[in-house]
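Engineer: quick one, what's the 3D model for this:
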Amino acid sequence: MGQSVGSVWEKLKRRLIEEIPPTSFVGWFSEVRPLKVTDEHLVLEVPSTFVKIGIERRFRTLIDKILSEVSSPPRKLKLVVRGDEANTFPGVVTSPRYLGNLPLNPDYTFDTFVRGKNSQFAFAAAQLVAQSPARAYNPLFIYGKVGLGKTHLLHAIGNYILSNPNSLTVVYTTSERFANELINAIGRNATDQFRSKYRNVDVLLIDDVHFLKNKEATQEELFHTFNELYGNGKQIVLSSDRPPEELHGLQDRLVSRFRWGLVADIQPPDLETRIAILREKARRQNAQVDDSVLELIATRVTTNVRDLEGALIRVIAYTELGQGPVTPEILDELVPKEISKQRLTVEVIKQEVAERYGLTVEELEGPSRRKDIAHARQVAIYLARELTSSSFPALGAAFGGRDHSTIMHAYQKLQEEMETTPLLRSEIQSLKEDLLNKYAA
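Structural biologist: I've put the predicted structure just below:
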């Protein structure tokens with residue numbers, strides 16, 4: 001009988017723990033999980049393109065050497081980014097009533113959402129919407145900073161509706177995905193199919209509507225989609241990182257409609273709620289973590305639930321390696337203290353993108369058309385347009401004095417490539433998330 005993916009992964013982990021420092025293993029591999037084993041590869045899933053690049057650069061040679069010794073036949077490493085494989089969420093229940101292209105995470109339910117004073121109102125509103133679509137609050141607009149649970153609640157609404165006996169159809173999407181699908185539909189002369197999908201659904205869940213800023217055609221499409229759904233008594237749920245009145249760059253008539261129903265916010269959790277979140281996360285992973293350690297983590301990570309859960313995963317992985325107790329010194333390595341975030345600007349984006357691709361800012365701004373530089377420049381332009389309020393002419397000035405039409409072309413070209421290239425889309429999403437987690441938007 002051939003080796004299972006689990007047995008090959010366990011052998012690889014044991015050898016890696018012997019070869020590299022425990023904190024390095026935890027930092028890079030704590031959120032890696034095995035997907036499958038083939039005759040040629042051990043396929044591992046990583047949480048982001050950043051982790052994929054880091055593991056390949058630092059550990060590929062060592063991992064391939066270990067795999068040649070512990071697996072039969074000898075295999076090599078293959079990494080995929082979460083979201084690039086069809087089996088992103090192995091436990092997801094497919095339903096003919098789910099019409100979206102992006103999967104709903106089966107772990108994102110109302111039962112797994114740890115609520116506190118910071119999120120009680122949004123949680124209760126989301127539950128009512130799930131129980132009585134289009135009869136409770138329509139639209140429901142949930143806002144809060146990155147990593148506080150907005151996506152969890154949108155998925156929970158979708159999962160609840162699909163798990164109960166009814167005939168309601170559901171679509172979950174992000175504003176960026178909505179925009180890219182529209183661009184693709186226009187290019188294929190398939191706007192009728194696009195509109196049929198979004199205007200005939202019973203429950204439409206759209207994440208991160210703040211990314212619609214300055215996308216006039218997409219805003220126009222969403223405006224008419226909203227009117228059609230609302231007029232036909234269909235449920236709309238939206239999320240954003242800011243309240244409707246702060247959505248600059250969106251049409252006033254669209255923002256006005258976002259306020260027609262209920263606007264609910266999610267604030268950063270207090271200490272007690274952060275500890276409760278960590279306890280629940282540890283319980284779900286069947287991990288024994290001392291309360292004193294949970295409290296230490298909760299005092300260090302204060303503003304982002306996603307970062308809180310990531311910190312716990314690293315601590316659990318460290319303890320499972322049998323490296324002894326988690327001391328304050330070890331915690332400094334595993335969970336660095338939060339610092340005030342620098343403002344996200346075009347200059348910051350250029351620096352981060354240049355570093356990610358092993359280039360200099362001068363190369364991004366310069367005239368070189370070398371393929372790797374041109375690609376990185378397009379990525380930086382796209383992210384700068386998406387994450388700042390800079391106009392195309394302003395971005396032209398920031399990227400070496402280029403004409404605004406050149407900048408617009410680079411932005412649109414990358415948008416089109418993302419629609420047809422899942423790896424590129426994942427790469428950009430990973431960069432975007434890293435920037436939003438690291439800097440204040």
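Engineer: and the host helix or strand of Gln351, average pLDDT?
Structural biologist: For Gln351, the element it lies in under DSSP states H and E is helix 346-356. The average pLDDT within helix 346-356 is 91.
Engineer: repeat for stretch 116-131
Structural biologist: Here the average pLDDT along stretch 116-131 is 92.
Engineer: which parts of that stretch are buried?
Structural biologist: 116, 118-119, 121-123, 125-130 (16 or more other C-beta atoms under 10 Å). C-beta coordinates here come from the backbone N, C-alpha and C atoms, glycine included.
Engineer: so which of the residues you listed are in helices?
Structural biologist: Residues of those located in helices (DSSP state H): 121-123, 125-130.
Engineer: now render those residues as a markdown table, adding distance to Ser4.
Structural biologist: Shown next, in a markdown table, are these (distance: C-beta to C-beta, whole Å):
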| residue | distance to Ser4 |
| --- | --- |
| Phe121 | 46 |
| Ala122 | 42 |
| Phe123 | 39 |
| Ala125 | 44 |
| Ala126 | 39 |
| Gln127 | 40 |
| Leu128 | 45 |
| Val129 | 42 |
| Ala130 | 38 |
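Engineer: any idea which of those is closest to Val348?
Structural biologist: Of all these, Val348 sits closest to Ala122, with 30.2 Å by C-beta to C-beta.
Engineer: now the closest one, nearest residue through space, not along the chain?
Structural biologist: Take Ala122 and drop its neighbours on the chain: the residue closest to it by C-beta to C-beta, 6 or more residues apart in numbering is Ala264, 4.0 Å away.
Engineer: that's a strand at the one you found, yeah?
Structural biologist: Yes. With DSSP: H, G, I helix; E, B strand; the rest coil as the criterion, Ala264 is part of a strand.
Engineer: how close does it get to Gly400?
Structural biologist: For Ala264, the distance to Gly400 equals 44 Å [C-beta to C-beta, to the nearest Å].
Engineer: repeat for Ser4
Structural biologist: On the measure of C-beta to C-beta, Ser4 and Gly400 end up 53 Å apart.
Engineer: any buried residues in the helix ranked longest in the chain, and which?
Structural biologist: The longest helix of the chain (DSSP H) is helix 49-70. Residues of helix 49-70 classed as buried: 49-53, 55, 59, 63, 66-67, 70 (neighbour count, 16+ other C-beta under 10 Å).
Engineer: nearest to Asp192, of the residues you listed?
Structural biologist: The nearest member of the buried residues of helix 49-70 to Asp192, counting by C-beta to C-beta, is Thr49 at 34.6 Å.
Engineer: would you agree the closest one is in contact with Glu427?
Structural biologist: Yes. Contact criterion C-beta atoms under 8 Å: Thr49 and Glu427 qualify, at 4.4 Å.
Engineer: for the residue nearest to Thr191 when sequence neighbours are not counted, what are phi and psi?
Structural biologist: Distances taken as C-beta to C-beta, 6+ apart put Ala185 closest to Thr191, at 4.9 Å, once the chain neighbours are dropped. Taking degrees, to the nearest 10, you get phi -60, psi -40 for the backbone angles of Ala185.
Engineer: Ala185 contacts Lys197, correct?
Structural biologist: No. Contact between Ala185 and Lys197 fails when scored by C-beta under 8 Å: they sit 9.3 Å apart.
Engineer: for Glu69, give me the pLDDT.
Structural biologist: For Glu69, pLDDT reads 88.
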